[in-house]
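>>> Below is the sequence, then the predicted model.
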Amino acid sequence: MYNNWSLDVLYRGIDDPKLESDMKRFEELIGLLNTAVEALDKDNAAATMRRVIEVKEEMAVLVRRLAGYFSLRRSADSSDAEGASYQTKISAMAASTTKDNVKFEKFAGSLDDLQGVIESDELLSQYKFYFEEIRNDMSRMMSDESEALFARMNISGGRAWGDLFSFLTSKVKVDYNGETTSLSAIRGLADSEDAQVRKSAYEAELACYDKIKDSVAFALNSIKAQVNLEAELRGYEDPLAMTLDRSRMQKSTLDAMLEAMREAMPDFRRYLRHKASLLGYENGLPWYEILTPMGKASSDSFTVERAHKYLVEHFSSFAPDLAEMVDRAFNEEWIDFYPRAGKVGGAFCSNLPFVGQSRILTNFSGSFGSVVTLAHELGHAYHGQQIQSHRPLNTGYTMPVAETASNFNELIIVNDAIDKAEGEEKIRLIESQIQDSTQIIVDIYSRFLFEDEVIRRRKNTFLYADELEKIMINAQKEAYGDGLDPDYLHPYMWCCKGHYYRAGLSYYNFPYAFGGLFSRGLYAKYLEEGEAFLPKYRELLRATTVDTVENVASIAGIDLTRPEFWQESLKTITDQIDTFIRETSK
């Protein structure tokens, strides 16, 4: 307890008889899917489509169990060769179903009375939005053979390049103070209380990328080339249009958010310049000081036991069902807490709705920030709890709304801590929240600019590491402006962020800004409405898998296509900046 997660709810190990049984059942389901698809009949559409859906439901649960198990194993130990072998096999088996899945979708999309067919069957009627998306996607589909080929080639293409990135960044050795350490460990020193540690860790981090940057550059180029090709084959204007379509999000929503973010950039730069002056810098803030803690933290450090109690107590006052789930997560070993060699850096949550649980990976250090990270990931788990009552094919939410509950959880914890703190401790907490907001607004904007340019230029040229460094530096200068010292930026942010290395998930940056600002808007609603907000909040989270981003927001009375909504959310941050500057200028 309070150490590693348990995956026994999935499988007890490679030698678990259930694993072998499930692999055999997966093979059987592949055959059953083919038989069901071949039997599709327009004269008996409802019954034959129902049979396909029944097979697809069982297969979806089984694949999530199998793939989830080995993905989690490899996140905790990137040298897991057996897990890698199984992952490759499972991916190949899943890819082999692509042709049948495409045939089914084309059959359903071609029905003149698709809505009538769906409404005539109780099971199919629960998949109304699912079939609406199929019909809308009809024009984006390639031929059956091309879809199958593309899916199979992705295993040794985009997915393999992404695996290479994960392997390189988890295994690279960082030389630091006469010893070697990991990339995740050295990046974890960025918020050290010791100024010399922050600077020397930054220098050691940058130096280590020389060992892997060329290989990582090839991975990035290959993935973005595949993304460009897929967008072209599917008839999208560009990969951003493809991403927005898959995100169930309108371009007008993204434009409204980016417009508001650009308008707020001067305030963030003002904050960064002020922080620089407080630390004794005259030319803007050096990169290695971005996460420098200000004020004074409580002398207490958190054990995992204390974090457990703290989070349960704080969430109890917001939503008892959230507090109960958090208690379960700690007691039932949902969480892998501590950093170690071979374990991936950062933190994530993997929802397992088919067993009513989630699994959370974090690199807990005992700081209050580590507790906030736990709260964030437990927000994802709470989101998973709201969607687990859906049918198996209705449990996938899109990137923009993925960060809603996680950021909302952060606001609950941090705002409460700010309200109870005084003096230098209060300054520490306010500045920490501004710091986090700067990451999801300013830094995310720089990452968006970087990826957008890489994708556009990759259409015609290969971008070597030195060119990627230039693009990243230019993106940082455009986003951060005079807030940072131009001589101390981070040219390798493309080399340590896994978000760029998923062929099926481009632009995994703006969703963080979306989630942060959307959750602030929702939190304002909560403060205004009190307990009456909670049913709407749960309904909103549940709807994220079966509706558009804009319709989901409308449940809470929010219009995402209006810049005013985003401006109001950003004002809650710029007001904090004003408070921080005022209080630290006395």
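Here it is on my side, so go on. Note that the structure is predicted; figures quoted are calculated from it, not measured. Numbering: from 1, shown residues only.

>>> and S182, backbone torsions?
Backbone torsions of S182, given as degrees, to the nearest 10, read phi -100, psi 160.

>>> contacting residues for it?
Residues near S182 by Cβ atoms under 8 Å, 6 or more residues apart in numbering: 170, 172-174, 339, 341, 345. Any C-beta I mention is one placed from the backbone N, CA and C, and that applies to glycine too.

>>> From these, list the buried ones, please.
170, 172, 174, 339, 345 (16 or more other Cβ atoms under 10 Å).

>>> For the last one, grab phi and psi.
Recorded main-chain torsions at G345 are phi -80, psi 180, according to degrees, to the nearest 10.

>>> Among the contacts of S182, which ones are in helices?
If you go by DSSP state H, the contacts of S182 have S170 in helices.

>>> so which one among the contacts of S182 has the lowest pLDDT?
Minimum pLDDT across these is recorded for G345, with 80.

>>> Please verify my assumption that that residue contacts I186.
No - look at G345 against I186 with Cβ atoms under 8 Å: they stay out of range, at 9.6 Å.

>>> tell me the mean pLDDT for stretch 364-371?
90.

>>> and if you look at stretch 521-528?
pLDDT averaged over stretch 521-528 gives 94.

>>> May I see the buried residues of it?
Those would be 521-523, 525-526, for stretch 521-528 by 16+ other Cβ under 10 Å.

>>> go on, stretch 310-324?
For stretch 310-324, by 16+ other Cβ under 10 Å, it's 310-312, 314-315, 318-319, 322-323.

>>> Over to stretch 290-300?
Buried residues in stretch 290-300 (16+ other Cβ under 10 Å): 290-295, 297.

>>> Looking at the residues you listed, which are in helices?
If you go by DSSP H, the buried residues of stretch 290-300 have nothing in helices.

>>> quick one: which of these is nearest to T461?
Nearest to T461 among these is I290, at 31.3 Å by Cβ to Cβ.

>>> quick one, what contacts that closest one?
I290 touches 190, 272, 435, 438, 484, counting by Cβ under 8 Å, 6+ apart.

>>> rounded to a whole number, what's the mean pLDDT of stretch 61-78?
Stretch 61-78 comes out at a mean pLDDT of 95.

>>> Ignore what I typed, I meant stretch 549-566.
96.

>>> phi, psi of the residue nearest to H499 when sequence neighbours are not counted?
Excluding the flanking residues, the one nearest H499 by Cβ to Cβ, 6 or more residues apart in numbering is Y508, at 3.9 Å. In terms of degrees, to the nearest 10, the main-chain angles of Y508 are phi -80, psi 60.

>>> measure Y508 to R51 for me?
The gap separating Y508 from R51 is 36 Å, by Cβ to Cβ, to the nearest Å.

>>> Which secondary structure element is home to the closest residue to N177 other than its chain neighbours?
Sequence neighbours aside, S200 is the residue nearest to N177 in space, at 7.4 Å (criterion: Cβ to Cβ, 6+ apart). Counting by DSSP states H and E, the element that carries S200 is helix 195-208.

>>> What is that helix packed up against?
Packing contacts for helix 195-208, counted by 3 or more Cβ pairs under 8 Å, 6 or more residues apart in numbering; DSSP states H and E, involve strand 173-176, helix 183-187.

>>> And the contacts of the first one?
Residues outside strand 173-176 that contact it (Cβ under 8 Å, 6+ apart) are 180-183, 185-186, 200-201, 204-205, 207-208, 211.

>>> Output the buried residues of stretch 521-528 in TSV; the columns should cover secondary structure and distance to F448.
Converted to TSV, the buried residues of stretch 521-528 look like this (DSSP: H, G, I helix; E, B strand; the rest coil; distance: Cβ to Cβ, whole Å):
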residue	secondary structure	distance to F448
G521	helix	20
L522	helix	23
Y523	helix	24
K525	helix	27
Y526	helix	28
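
>>> what would these look like in JSON lines with distance to V37?
Output for the buried residues of stretch 521-528, formatted as JSON lines (distance: Cβ to Cβ, whole Å):
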{"residue": "G521", "distance to V37": "43"}
{"residue": "L522", "distance to V37": "41"}
{"residue": "Y523", "distance to V37": "46"}
{"residue": "K525", "distance to V37": "45"}
{"residue": "Y526", "distance to V37": "46"}
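
>>> Closest one to F70 out of those residues, please.
For these, the nearest to F70 is L522 (34.9 Å; Cβ to Cβ).

>>> separation between the closest one and Y500?
Taken as Cβ to Cβ, the span from L522 to Y500 is 28 Å.

>>> pretty sure M325 is in contact with H383, am I right?
No - using Cβ under 8 Å, M325 is not in contact with H383, being 10.6 Å away.

>>> which residues do these two both contact?
Counting by Cβ under 8 Å, 6+ apart, nothing touches both M325 and H383.

>>> More neighbours: which of the two?
H383 (26 against 21; other Cβ atoms under 10 Å).

>>> how about low-confidence regions in the stretch 201-350 of the chain?
For the stretch 201-350 of the chain, residues meeting the criterion pLDDT under 70 lie at 299.

>>> quick one, helices of it?
213-233, 239-246, 251-278, 304-316, 320-331 (DSSP state H, counting those that start in this stretch).

>>> Identify, from the buried ones among the contacts of S182, the entry nearest to E377.
G345 (13.9 Å).

>>> and the chain, what are its domains?
17-156, 248-297+421-583, 304-398 (automatic domain parsing).

>>> I'd like the ones you listed written out as CSV, with distance to L411 added.
Shown next, in CSV, are these (distance: least, Cβ to Cβ, whole Å):
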stretch, distance to L411
domain 17-156, 27
domain 248-297+421-583, 5
domain 304-398, 9
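
>>> how many other residues sit next to A543?
21.

>>> Tell me who's in contact with the nearest residue to it once chain neighbours are set aside.
Among residues not flanking A543 along the chain, V552 sits closest, at 5.0 Å (Cβ to Cβ, 6+ apart). With contact taken as Cβ under 8 Å, 6+ apart, V552 is in contact with 401, 540, 543-544.

>>> Emit the ChimeraX select command for whichever of these are buried.
Filtering the contacts of V552 down to the buried ones (16+ other Cβ under 10 Å) takes a single ChimeraX command:
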select :401,540,543,544
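
>>> could the contacts of V552 be laid out in a markdown table, adding distance to N474, pLDDT and secondary structure?
Putting the contacts of V552 into a markdown table (distance: Cβ to Cβ, whole Å; pLDDT from 0 to 100; DSSP: H, G, I helix; E, B strand; the rest coil) gives the following:
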| residue | distance to N474 | pLDDT | secondary structure |
| --- | --- | --- | --- |
| V401 | 31 | 95 | helix |
| L540 | 38 | 97 | helix |
| A543 | 39 | 97 | helix |
| T544 | 35 | 97 | coil |
